[in-house]
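Fold the following for me, if possible:
(one chain, ligands or ions: 1)
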Amino acid sequence: MTAPGNGETAAPVPAGEATAVLRVGTRGSALAMTQTGQAAEAVRAAGDLAYRLEVIRTEGDVATGSLASLGGTGVFAAALRHALVDGRVDLAVHSLKDLPTAPHPGLAIGAVPVREDPRDALCARDGLSLGCLPSGARIGTGSPRRAAQLLATRPDLVMVDIRGNVPTRLARVAGLDPDGPGDLDAVVLASSGLRRLGLQEKITEYLDPAVVLPAPGQGALALEVRAELLLADPDLAAQASGAYSEVPHDVRPPSRDGQDRLDARLLKALARVNHTESRWAVTAERALLARLEAGCAAPVGTLATVEDGLLVLRVAVASPDGRKVMRRTEASDELSSEAARELGRRVGDGLLADGAAALAGLA
Ligand SMILES: NCc1[nH]cc(CCC(=O)O)c1CC(=O)O
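Got it, this is the predicted structure:
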């Protein structure tokens with residue numbers, strides 16, 4: 001890492017030249033606003049930058065043609081990416097688990113900040129834990145991954161498909177919200193989202209990854225930028241999985257006054273905010289997901305961690321009813337982005353050879 005005052009950012013600057021304000025794109029939900037605000041603060045502090053948040057409305061109000069070309073998954077991410085490509089924002093903050101694994105031309109993940117707790121959380125009535133819920137208890141989740149793994153350990157529970165933002169889901173639990181429907185015994189949500197919203201007191205149990213593995217990338221944020229920015233930092237570029245080298249010419253928005261100075265500071269900030277261990281972990285998880293060609297709706301849970309100098313990748317691929325689960329744990333003793341991708345691909349290939357696609361209803 002370059003020490004402050006060293007290197008290229010110290011190059012002479014014409015007197016009076018300003019640094020452009022960093023425009024940070026975010027979705028408008030309370031969770032998105034909170035986590036984007038936290039990430040933007042970290043970037044501001046690390047890069048000595050002024051920023052402002054730009055709320056990007058999703059789906060409907062963005063031109064349909066370019067949205068369609070982004071594909072079916074990732075509707076949450078699509079509008080933000082569009083704003084980045086167009087040069088309306090300089091940085092987009094995503095929940096990594098909502099970001100499609102396919103690289104978007106001209107864009108790259110510039111940094112993954114230190115990951116929040118990746119575990120799923122049970123929010124149950126009367127402080128109940130998973131083991132204490134009565135037979136027939138109704139559990140709200142819209143996630144086939146969560147439903148399948150919960151049924152694998154408690155086949156006597158009833159899964160209820162629910163949608164909506166975090167407070168809406170919590171209001172479905174009996175006794176949690178006096179004005180809510182309270183028609184469920186519990187819901188399962190990402191603990192990271194609850195903690196970021198200050199709702200962690202609603203959690204009655206952090207689900208052990210040995211029982212319920214989280215979604216790939218859960219708890220981590222992706223700071224996405226136009227890929228050409230990373231060309232000046234080979235280390236960050238290498239972590240960004242190769243997509244950085246193919247920058248289409250139409251992904252070069254007109255420069256503003258002070259854009260060059262902004263770019264230099266942003267790059268420095270990204271290098272500082274990036275957390276290498278978190279990055280290796282999510283890189284392995286996403287390489288696995290990509291190899292399985294599984295989307296966020298697939299009954300696939302995975303979690304990578306760095307333990308005693310090893311990158312350990314755990315995976316569960318379940319049948320949607322949870323009756324059958326394939327579990328794998330493999331490790332890499334090399335710690336690098338490429339080794340992380342290789343680990344994810346290797347575990348994915350092994351699972352496919354053992355019939356994971358048919359089991360999970362993929363492809
Ligand atoms: N699918 C929705 C979603 N996308 C990101 C989060 C927050 C968790 C995170 O930071 O990964 C959530 C809510 C949830 O799953 O409970």
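
So for stretch 226-233, what gets flagged as buried?
Neighbour counts over stretch 226-233 (16 or more other Cβ atoms under 10 Å) mark 226-230, 233 as buried. In short, each C-beta sits where N, CA and C put it, glycine included.

Can you get me a residue count around the closest residue to Pro144 other than its chain neighbours?
Distance criterion Cβ to Cβ, 6 or more residues apart in numbering; nearest residue to Pro144, sequence neighbours excluded, is Pro299 at 4.7 Å. As a burial measure, Pro299 scores 26 neighbours (other Cβ atoms under 10 Å).

Check whether Pro299 really touches Val315, as I assumed.
No. Using Cβ atoms under 8 Å, Pro299 makes no contact with Val315, being 11.4 Å away.

Spell out the residue ranges of the helices in the stretch 101-250 of the chain.
For the stretch 101-250 of the chain, helices defined by DSSP state H, counting those that start in this stretch occupy the ranges 144-153, 166-170, 191-196, 234-239.

do you know which of those helices lies nearest the ligand?
Of all these, helix 191-196 sits nearest to the ligand, with 3.3 Å by Cβ to the nearest ligand atom.

List the contacts of Gly348.
Residues near Gly348 by Cβ atoms under 8 Å, 6 or more residues apart in numbering: 287-292.

Residue numbers of the stretch 101-250 of the chain in contact with the ligand?
Applying Cβ under 6 Å from any ligand atom, we find that the stretch 101-250 of the chain lies next to the ligand at 189-190, 192-193, 218-219.

Can you add pLDDT and give these back as JSON lines?
Below are these laid out as JSON lines (pLDDT from 0 to 100):
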{"residue": "Leu189", "pLDDT": "98"}
{"residue": "Ala190", "pLDDT": "98"}
{"residue": "Ser192", "pLDDT": "98"}
{"residue": "Gly193", "pLDDT": "97"}
{"residue": "Gln218", "pLDDT": "97"}
{"residue": "Gly219", "pLDDT": "98"}
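
Which one (most neighbours) among those residues?
Gln218 (28 neighbours).

so what's that residue up against?
In this structure, Gln218 makes contact with 96-97, 118, 120, 190, 192, judged by Cβ under 8 Å, 6+ apart.

if you set the cut-off to 10 Å instead, what comes out?
If you count contacts by Cβ atoms under 10 Å, 6 or more residues apart in numbering, Gln218 has them with 95-98, 115-120, 145, 190-193, 282, 285, 296, 301-303.

Leu343 too?
Applying Cβ under 10 Å, 6+ apart, the residues near Leu343 are 280, 283-285, 287-288, 304, 310-313, 330-332, 334.
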